[in-house]
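In: Need a 3D model of the sequence below.
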Amino acid sequence: MIGSLASATGIALVVYASTNIDDLLVLAVFFADPRVRPGAVIVGRFIGLAALVLASAAAALLALVVPAGWIALLGVVPLFLGLRLLPALRSIRDDGQSGADGLRPADAKDKSRRGFTSQALSVAGVTLANGGDNLGVYIPLFATARDAIAIYVVVFAVMTAVWCALGYLVVNNPLIGTQIRRYGHVLRPIVLIALGIYILSGAIALVR
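Out: Sure, this is the predicted structure:
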C-alpha cells in the first residue's frame with residue numbers, strides 16, 4: 001500500500017513538472033503585471049488545472065480520445081488576450097514609469113483591485129489553452145491507473161500551489177524581479193501572442 005502510494009506520488013510529480021514547466025514563464029508574466037492581482041493569478045491557475053484534470057478524468061473513464069488538432073484550436077484564447085492588450089502599449093511613456101494603460105504605478109495598482117473575476121478567468125483560459133500536452137499525458141495516465149486518480153489529483157493540487165509560489169518568487173527576486181516587474185506589462189501581450197501562435201500551429205493537422 002505504502003509502495004503503491006509512493007509510486008503514484010512520484011509519477012504524479014514527474015508528470016506535473018514535465019507538462020507544466022512552460023507555465024512558469026506565463027505565471028511569472030502575470031505576476032509581473034501591476035494591473036493583475038496575485039490572488040486572481042492563483043485562483044485562475046487552480047481553475048484552469050482543475051478543468052484540465054476533470055476533463056482528463058472524464059475522458060479516461062469514458063475511453064475518449066481527443067484529437068490534438070482540435071485541442072490546438074484553444075490557442076485562440078491567449079492570442080486574443082494578447083492582441084487585446086497591444087493597443088494599450090502605445091500609451092506607455094518613454095521613461096517606462098507608466099503601466100500598460102498609460103497609468104502611473106499607483107494608478108495601475110488601484111485599477112488592479114477591480115476585475116478580479118475577469119483576471120482569474122483570463123489566467124484560467126490561458127492555462128486551458130496551454131493544456132494540450134496535459135490532456136495528452138493525463139488521459140492515458142488516468143485510464144491505465146484509475147485507482148490512483150485521487151492521488152494524482154491531490155499531488156497536482158499541491159504542485160499547482162508550488163508553481164504559483166515559484167512564479168511569484170521569480171518576480172519578487174531582488175536580482176531579476178525588478179526588471180521583470182518593470183517590463184511585465186510589455187511582456188504579457190508578447191508572451192500571450194507567441195503562446196497562442198505556438199498552440200495554434202498544432203491545428204495545422206486539421207487541414208492536411
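In: what's the following helix or strand after the helix or strand bottoming out on mean pLDDT in the chain?
Out: Ranked by mean pLDDT, DSSP states H and E, the weakest helix or strand in the chain is helix 105-111, scoring a mean of 51. Per DSSP states H and E, the first helix or strand lying C-terminal to helix 105-111 is helix 116-129.
In: C-alpha coordinates for that next one, CSV please?
Out: Only the C-alpha atoms of helix 116-129 are listed here, as CSV (Å, rounded to 0.1, in the frame of the first residue of the first chain):
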residue,chain,number,x,y,z
PHE,A,116,-10.7,40.1,-10.1
THR,A,117,-13.1,37.6,-11.8
SER,A,118,-12.1,38.6,-15.3
GLN,A,119,-8.4,38.4,-14.4
ALA,A,120,-8.9,34.9,-12.9
LEU,A,121,-10.8,33.7,-15.9
SER,A,122,-8.1,35.1,-18.2
VAL,A,123,-5.4,33.1,-16.3
ALA,A,124,-7.7,30.0,-16.4
GLY,A,125,-8.3,30.4,-20.1
VAL,A,126,-4.6,30.6,-20.8
THR,A,127,-4.0,27.6,-18.6
LEU,A,128,-6.6,25.6,-20.5
ALA,A,129,-5.3,26.7,-23.9
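In: Output the contacting helices and strands for that helix.
Out: Secondary-structure packing of helix 116-129 (3 or more Cβ pairs under 8 Å, 6 or more residues apart in numbering; DSSP states H and E): helix 23-32, helix 38-61, helix 76-89, helix 184-200. C-betas here are computed from N, CA, C, even on glycine.
In: Just the buried residues of the second one, please?
Out: Going by neighbour count (16 or more other Cβ atoms under 10 Å), the buried part of helix 38-61 is 38, 40-50, 52-53, 55-57, 59-60.
In: can you tell which of the helices and strands packed on helix 116-129 is closest to Gly125?
Out: helix 76-89 (4.5 Å; Cβ to Cβ).
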